[in-house]
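*Asks:* kindly generate the corresponding structure for this input.
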Amino acid sequence: LARFTGKAGGVDDLHIAEYPGPVGLHEADEIKKNITDVLVERIVSGLTSSAGSAQSGSQAARDPRTIVYTDTAEEIDRYFLAQGWSDGLPVVAPTIERVERFLRYTDRAPDDEVAILPSANLRATPWNIAVNGVMAGLRPQHFPLLLAAVEALADEECRLASIGSSSGIFPYALINGPLARELGFESGAQFASRGMNPAFGRAVGLIVKNIAGFRPGASYMGTFGYPLGVAIAENESDTPWPPFHADKGFARTANTVTIGVTNNWGPSPAAYSAEGQSGAQSALELIAKEIKSSTRLFNFPARGADAERVMLTILMSPSIARSLADGGYTKKTIREHLYEHTRMTLREFDWVLKYTSISGQTARERAAEGVFPPEFAGAPDDEVRVLSSPDILHIVVCGDPHRNRIMVMEGGHTYPVTREVKLPANWNQLLKDDS
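*Replies:* From the prediction side, this is the model:
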């Protein structure tokens with residue numbers, strides 16, 4: 001990962017001095033010994049040895065229409081896997097004919113620069129974006145949405161270059177607007193596994209791998225690896241509130257793609273009403289508990305220039321959303337409620353900092369630096385708010401409308417970025433011709 005990052009920054013032959021083993025689990029004496037006996041020698045060697053294996057200079061650009069391999073579908077799969085181009089599953093062979101069918105759905109030229117994707121800093125063009133879309137199993141009609149996803153990935157706020165960490169961050173795509181339903185994206189029960197959602201999530205993952213350059217074991221260093229990409233469509237017809245993209249300033253009728261990141265996918269506890277407590281109150285308390293169990297909890301209160309970026313995406317089924325709305329809550333008041341009431345004692349939070357964060361600092365020390373708010377300089381039994389702001393919370397209504405479940409997805413290093421889908425001038429005619 002360090003070599004990959006160095007190359008992305010223009011240093012083709014970065015010398016690395018690697019500490020031996022997991023420093024976070026070593027005792028002080030072992031760390032000192034490893035530094036003295038191993039790391040210092042590696043640092044000296046790196047500083048004094050001459051450049052070796054890396055080759056400087058750029059390779060000649062390949063004609064994108066060049067046929068790289070011809071064989072049976074089975075052998076093409078084996079070849080793409082050997083080259084590191086696939087995700088291990090069978091791919092749709094990106095023939096010139098298939099790629100050109102995708103290119104009909106944009107007014108851009110095939111070699112236009114849509115974006116430069118870090119960390120590999122390669123040009124994303126309609127041609128190579130379409131190649132990955134074909135491989136993932138998308139249809140040509142989905143191409144304008146995939147272009148919008150790439151624009152979002154490239155945005156500075158997304159900070160794509162930071163997702164290679166060992167915590168296993170991976171991007172997800174959120175699709176809003178009337179095109180979502182028209183093009184076969186699911187927003188209801190089991191949406192992540194139905195309709196065009198799996199193929200779109202997979203296409204984003206292949207682009208992150210093949211154009212942005214994040215490859216497992218080389219620059220994509222999640223300790224336990226990564227699931228296939230996830231695509232979400234919001235259930236805009238069954239939400240009591242404005243949809244996500246309207247919260248971001250887009251018209252309800254606009255079609256948008258949002259790129260966010262998460263460390264987790266799956267846990268979805270259920271909220272119930274009971275004597276003395278409404279379902280809405282149970283839902284809010286449950287979300288707060290889920291937030292406090294997050295892996296990146298130690299970063300959630302941080303603010304200012306030295307703060308690590310975090311984002312929390314709350315997926316809630318329509319029944320939970322209606323329960324909250326019936327209780328008088330809007331998205332804004334939900335975020336404000338969670339900001340004020342997601343609390344824990346400083347004693348508990350200091351345990352999180354000490355045993356789950358590599359910083360080695362106490363909450364009081366971080367408060368003194370101005371990274372945590374002043375309340376973190378209090379007494380051990382004082383309760384503190386663990387969120388820096390309501391603004392790090394993002395609410396999406398989706399999933400089985402007959403279930404009362406919630407999922408809190410946590411992500412680091414980045415903020416969600418939304419881009420509007422740009423349709424070609426002859427969109428309606430294209431759909432008619434291909435129907």
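
*Asks:* residues touching the residue sitting nearest the centre point of the chain, list them.
*Replies:* Nearest to the mean C-alpha position of the chain, by C-alpha atoms, centre = their mean, lies V261 at 1.9 Å. By C-beta atoms under 8 Å, 6 or more residues apart in numbering, V261 lies in contact with I163, I169, F170, P171, Y172, M311, G411, G412, H413, T414. In this view, the C-beta of every residue, glycine as well, is placed from N, C-alpha and C.

*Asks:* quickly find the element holding it.
*Replies:* For V261, the element it lies in under DSSP states H and E is strand 256-262.

*Asks:* got it, and D87?
*Replies:* Assigning secondary structure by DSSP H and E places D87 outside every helix and strand.

*Asks:* give me the neighbour count for it.
*Replies:* For D87, the count of nearby residues is 20 (other C-beta atoms under 10 Å).

*Asks:* so it makes contact with L228?
*Replies:* Yes: using C-beta atoms under 8 Å, D87 is in contact with L228, at 6.7 Å.

*Asks:* any common contacting residues for these two?
*Replies:* By C-beta under 8 Å, 6+ apart, the residues touching both D87 and L228 are R202, G205.

*Asks:* contacts only, for D155.
*Replies:* Counting by C-beta under 8 Å, 6+ apart, D155 touches V417, R419.

*Asks:* for the one 10 residues further on, same thing?
*Replies:* When contacts are counted by C-beta under 8 Å, 6+ apart, S165 is found next to M221, G222, G412, H413.

*Asks:* switch the cut-off to 7 Å
*Replies:* M221 (C-beta atoms under 7 Å, 6 or more residues apart in numbering).

*Asks:* phi, psi for it please.
*Replies:* The phi/psi pair for S165 (degrees, to the nearest 10) reads phi -70, psi 170.

*Asks:* okay, it: pLDDT?
*Replies:* On the pLDDT scale, S165 is placed at 87.

*Asks:* do V23 as well
*Replies:* The score at V23 is 66. That number is its pLDDT.

*Asks:* partners of the strand holding V261, with directions?
*Replies:* strand 170-176 (antiparallel), strand 417-420 (antiparallel) (DSSP bridges).

*Asks:* nearest to A154, out of these?
*Replies:* strand 417-420 (8.8 Å; C-beta to C-beta).

*Asks:* send me the next helix or strand after the closest one as CSV with only the CA atoms.
*Replies:* Counting by DSSP H and E, the next helix or strand C-terminal to strand 417-420 is helix 427-434. Provided in CSV are the C-alpha atoms of helix 427-434 (Å, rounded to 0.1, in the frame of the first residue of the first chain):
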residue,chain,number,x,y,z
TRP,A,427,-32.4,9.2,-24.7
ASN,A,428,-36.0,8.5,-25.5
GLN,A,429,-35.3,7.4,-29.0
LEU,A,430,-32.6,5.1,-27.8
LEU,A,431,-34.9,3.4,-25.3
LYS,A,432,-37.5,3.0,-28.0
ASP,A,433,-35.0,1.5,-30.5
ASP,A,434,-33.7,-0.9,-27.9
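
*Asks:* of all the residues in helix 427-434, which ones are buried?
*Replies:* Neighbour-count burial for helix 427-434 flags L430 (criterion: 16 or more other C-beta atoms under 10 Å).

*Asks:* need the residues that contact it.
*Replies:* Identification of contacts with helix 427-434 by C-beta under 7 Å, 6+ apart yields R104, Y105, Q141, P424.

*Asks:* circling back: how close does the residue nearest to the centre of the chain get to L153?
*Replies:* Separation of V261 from L153 (C-beta to C-beta, to the nearest Å): 10 Å.

*Asks:* rewinding a little: filter the contacts of helix 427-434 down to the buried ones.
*Replies:* Y105, Q141, P424.

*Asks:* okay, the residues you listed in a markdown table with pLDDT and distance to A73 next?
*Replies:* Shown next, in a markdown table, are the buried ones among the contacts of helix 427-434 (pLDDT from 0 to 100; distance: C-beta to C-beta, whole Å):
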| residue | pLDDT | distance to A73 |
| --- | --- | --- |
| Y105 | 98 | 25 |
| Q141 | 98 | 23 |
| P424 | 98 | 30 |
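
*Asks:* I207 is in what secondary structure piece?
*Replies:* Applying DSSP H and E, one finds I207 within helix 197-210.

*Asks:* and the next element down the chain from that helix?
*Replies:* Note on helix 197-210: by DSSP H and E, the next helix or strand toward the C-terminus is strand 230-233.

*Asks:* just to revisit the earlier point, give me the next element, helix or strand, following the strand holding V261.
*Replies:* Downstream of strand 256-262, the next assigned helix or strand under DSSP H and E is helix 279-292.

*Asks:* now for that next one, which elements pack on it?
*Replies:* Applying 3 or more C-beta pairs under 7 Å, 6 or more residues apart in numbering; DSSP states H and E, one finds that helix 279-292 contacts helix 318-326, helix 331-341, strand 406-412.

*Asks:* hmm, try it at 6 Å
*Replies:* Other elements packing on helix 279-292 under the criterion 3 or more C-beta pairs under 6 Å, 6 or more residues apart in numbering; DSSP states H and E are helix 318-326.

*Asks:* who are the packing partners of the helix it packs on?
*Replies:* Going by 3+ C-beta pairs under 6 Å, 6+ apart, helix 318-326 lies up against helix 279-292.

*Asks:* which of the contacts of V261 lies closest to G188?
*Replies:* Y172 (17.3 Å).

*Asks:* sorry, back to before: tabulate the strands paired with strand 256-262 (TSV), appending mean pLDDT and mean neighbour count.
*Replies:* TSV is the format used below for these (pLDDT from 0 to 100; neighbours: other C-beta atoms under 10 Å):
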stretch	mean pLDDT	mean neighbour count
strand 170-176	97	26
strand 417-420	98	20
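
*Asks:* and those strands: which comes nearest R42?
*Replies:* Here strand 170-176 is closest among the strands paired with strand 256-262 (C-beta to C-beta), at 31.2 Å.

*Asks:* please compute how far the closest one lies from its chain's middle.
*Replies:* Counting by C-alpha atoms, centre = their mean, to the nearest Å, strand 170-176 is centred 7 Å from the centre of its parent chain.
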